[in-house]
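> Show me the folded form of this:
(4 chains)
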There are 2 protein chains.
Amino acid sequence: MVTIRDVAREAGVSVASASRSLNGLANVRPATRDRVLDAARRLRFLPHSAARILSTRRSDTIGVMLPDLHGEFFSEIIRGADLAARSRGLHLLVSTSHGDAAEAGAAMRSMSGRVDGLLLMSPYVDEEMLAENLAETLPTVLINTRVSGRPYASFCVDNHGGAMAVVRHLAAHGGPIAHIAGPANNFESQERLRGYREALEGAEELVLPGDFTEESGYRAGLRLLEMNERPRAVFAANDTMAIGCLLALEEKGVRVPSDIAVAGFDDIPIARLIRPSLT
Amino acid sequence: MVTIRDVAREAGVSVASASRSLNGLANVRPATRDRVLDAARRLRFLPHSAARILSTRRSDTIGVMLPDLHGEFFSEIIRGADLAARSRGLHLLVSTSHGDAAEAGAAMRSMSGRVDGLLLMSPYVDEEMLAENLAETLPTVLINTRVSGRPYASFCVDNHGGAMAVVRHLAAHGGPIAHIAGPANNFESQERLRGYREALEGAEELVLPGDFTEESGYRAGLRLLEMNERPRAVFAANDTMAIGCLLALEEKGVRVPSDIAVAGFDDIPIARLIRPSLT
DNA sequence: CACGTTCATGAAACCGGTTACATTTCCGTA
DNA sequence: TACGGAAATGTAACCGGTTTCATGAACGTG
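Predicted structure coming up:
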């Protein structure tokens, strides 16, 4: 590997001058600077990022930690983060907390010394584990977590309020309303379920299990079709399950939304393209 | 910031023993190891990744460089890479070469000393720029580039062959076949266009401009509708444009595929959900 | 009890950059 | 020509880990 010392030797200057030249600092004579740049090009010098990060204490990188990378919802978040990062000359270190809390903690710890800031969305997050796995000097923004305390910046989708609005809208068209729930241990699922229940205002509830996957939405759709009295509307805890449900209904010839209306949550881009369309 | 020296002092051992304990090496007495681990927990020690990378010369990270992050095609690639990486305990450094060749080069150079290997998909890649911006010791896999030489591992979608197969399939249903092309300077667009032309076997060609976005597919669809003799089929250079085209046709009441058949390229997951469906 | 071997531990070098500080060179002025 | 201050350059410390090598402790054996 070619180091900056090799470049300095080749150019006949000290490593300090080489470093200054390579970084475009002002206090170096043009002739010297050119000799260094020339040497660097000849030797195909590539600075070692870890070394630079260690000495400058900057990585020019922000970490993005998501629960999963599957589906358009997360894809859109990565894309937005990338857009914002690149416009500021920053890199993106992407990670997932797919597995359990321990794995999520390990992933968070490994961010230390790699990133200058962190975008964090994970179902396993709480105050205790944040304090344990994150340097308190690391600027962090939490997304959709139950932690709302002051030491951390955070923003959240209004799962509860949004769910209530959806269910009330469906209720205006009358009839029983079913709910396809997300994972039981997921904070956002819980909030959407809570919104569903609250908006029912005493009307009978009908909750089918789901796990945010299209497959589970499909299964829920089939179960709806087996029922004696079918609901007039379905509120799925996310768009992906709504699509799965829609496919099941379509397969069996149920007309949407005239027979059964289907609504989701998230408004992912493909939802726009689905026919019959989601509410 | 808490360093390993702080931990060593707190535990009353040398940094060497501290390091060995923290990394679970065998040659350390259990009592010592426990003291170190305890001290680390008390001080909330988080190892600085850059320092570790620098001294071990391993980052346990692979870089993924894509032309863009928009759309499901790239989302699927990131997801697959993440799945493979996490199962081996590796991290993912995601980057894009959205802008020009210079920007792509800079992004590639910044990978040095951050990643142990690179997955590289970029329209700006050629031998010269690879040699300039990449350490030749960095294991690299090229995806869909025109570079096929031996020093680099690479794999490519058969754009030319695939396009020919699509067009021949459409031709079996008779009538003129239009093509919505991708960006003119894009290698993959060029190959698909070449496949389209070759499969026409002398039949008259009709090429509409596009840039891989849904919007451009939509515009192409509108242009098709303005024509005196509409083609019987459309081959779009990617699925996203095919969907855009489909929306335009649908809006104007053209039936697909009975009036006009529409085919895309890529087979992105949402293509499955579109009604009327793509060929 | 003396000895040799194994095992745990510590001091210090090292990874490849940046930068504080000391030193030299350059230039303009008296 | 001598001098003073500014600008360029070099030396070496530093970032925070890991690892080599030397040293000391523990242990088994004759």
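> Okay, helices next: where are they in the stretch 1-150 of chain A?
A:4-11, A:15-22, A:30-43, A:49-56, A:72-86, A:101-109, A:127-133 (DSSP state H, counting those that start in this stretch).
> Next, see if the first one gets close to chain B.
No. Under the criterion of CB under 8 Å from any CB of the partner chain, helix A:4-11 makes no contact with chain B; the nearest approach is 11.9 Å. For glycine as for every other residue, the C-beta is placed from the backbone atoms N, C-alpha and C.
> which residues are contacting that helix?
By CB atoms under 8 Å, 6 or more residues apart in numbering or on different chains, the surrounding residues in contact with helix A:4-11 are A:14-15, A:17-19, A:22, A:32, A:35-36, A:38-40, A:42-43, A:45, A:47.
> repeat that with 7 Å
Contacts to helix A:4-11, defined as CB atoms under 7 Å, 6 or more residues apart in numbering or on different chains, come from residues A:14, A:15, A:18, A:19, A:35, A:36, A:39, A:40, A:42, A:43, A:45, A:47.
> ok, how many other residues are close to the last one?
Think residue A:47. By the criterion of other CB atoms under 10 Å in any protein chain shown, residue A:47 has 19 neighbours.
> if I pick residue A:177, what's in contact with it?
Residues near residue A:177 by CB under 7 Å, 6+ apart: A:167, A:170, A:171, A:231, A:233, A:235.
> Neighbours of the spatially closest residue to residue A:187 that is not a sequence neighbour, how many?
Spatial nearest neighbour of residue A:187, excluding adjacent residues (CB to CB, 6 or more residues apart in numbering or on different chains): residue A:146 at 5.0 Å. A total of 15 residues lie near residue A:146 under the criterion other CB under 10 Å.
> Isn't residue A:146 up against residue A:185?
No. Between residue A:146 and residue A:185 there is no contact under CB atoms under 7 Å: 11.8 Å.
> per-residue confidence at the single nearest residue of the stretch 151-279 of chain A relative to DNA strand C?
Closest contact between the stretch 151-279 of chain A and DNA strand C, by CB to the nearest atom of the strand, is at residue A:153 (27.2 Å). For residue A:153, the pLDDT comes out at 90.
> Tell me the residues of the stretch 51-200 of chain A that contact DNA strand C?
Contact residues, the stretch 51-200 of chain A versus DNA strand C (CB under 7 Å from any atom of the strand): A:51, A:52, A:54, A:55, A:56.
> Could you export those to CSV, including columns for neighbour count and pLDDT?
As requested, those are exported to CSV (neighbours: other CB atoms under 10 Å in any protein chain shown; pLDDT from 0 to 100):
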residue, neighbour count, pLDDT
A:51, 16, 98
A:52, 22, 98
A:54, 19, 98
A:55, 11, 97
A:56, 11, 97
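> Quick one: residues contacting the nearest residue to residue A:264 once chain neighbours are set aside.
Nearest residue to residue A:264, sequence neighbours excluded (CB to CB, 6+ apart): residue A:242, at 3.2 Å. Contacts for residue A:242 (CB under 7 Å, 6+ apart) come out as A:217, A:236, A:262, A:263, A:264, A:278.
> 10 Å - rerun?
Going by CB atoms under 10 Å, 6 or more residues apart in numbering or on different chains, residue A:242 touches A:180, A:214, A:217, A:220-221, A:234-236, A:262-266, A:268, A:271, A:274, A:278-279.
> With residue A:245 instead?
Counting by CB under 10 Å, 6+ apart, residue A:245 makes contact with A:178, A:180, A:208, A:210, A:214, A:216-224, A:234, A:236, A:256, A:260, A:262, A:264, A:278.
> rank the helices of the stretch 1-150 of chain A by mean pLDDT and give me the bottom one.
Among these, helix A:72-86 carries the lowest mean pLDDT, a mean of 87.
> Could I get the buried residue list for that helix?
Buried residues in helix A:72-86, counted by 16 or more other CB atoms under 10 Å in any protein chain shown: A:72, A:73, A:74, A:75, A:76, A:77, A:78, A:79, A:81, A:82, A:85, A:86.
> can you tell me which of those residues are up against DNA strand D?
Answer for the buried residues of helix A:72-86 near DNA strand D: none qualify (CB under 7 Å from any atom of the strand).
> Strands along the stretch 101-250 of chain A, start to end?
Here the stretch 101-250 of chain A has its strands, by DSSP state E, counting those that start in this stretch, at A:117-120, A:140-143, A:153-155, A:177-180, A:206-208, A:233-236.
> elements contacting the fifth one?
The criterion is 3 or more CB pairs under 10 Å, 6 or more residues apart in numbering or on different chains; DSSP states H and E, and the helices and strands that strand A:206-208 contacts are strand A:177-180, helix A:187-200, helix A:214-226, strand A:233-236.
> ranking these by burial, who's on top?
strand A:233-236 (a mean of 28; mean count of other CB atoms under 10 Å in any protein chain shown).
> on contacts alone, who are the packing partners of that one?
On a contact count with 3+ CB pairs under 10 Å, 6+ apart, strand A:233-236 meets helix A:159-171, strand A:177-180, helix A:187-200, strand A:206-208, helix A:214-226, helix A:239-251, strand A:261-263.
> as a whole number, average confidence for the last one?
Across strand A:261-263, the average pLDDT comes to 92.
> quick one: stretch A:100-110 to chain centroid distance?
Relative to its parent chain, stretch A:100-110 has a centroid offset of 16 Å by CA atoms, centre = their mean, to the nearest Å.
> Please export the C-alpha coordinates of it as CSV.
C-alpha atoms of stretch A:100-110 as CSV (Å, rounded to 0.1, in the frame of the first residue of the first chain):
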residue,chain,number,x,y,z
ASP,A,100,-33.0,-9.1,18.1
ALA,A,101,-32.2,-6.3,20.5
ALA,A,102,-28.7,-7.7,21.1
GLU,A,103,-27.9,-7.5,17.4
ALA,A,104,-29.3,-4.0,17.2
GLY,A,105,-27.0,-3.0,20.1
ALA,A,106,-24.0,-4.5,18.4
ALA,A,107,-24.8,-2.6,15.2
MET,A,108,-25.2,0.6,17.1
ARG,A,109,-21.9,0.2,18.9
SER,A,110,-20.0,-0.4,15.7
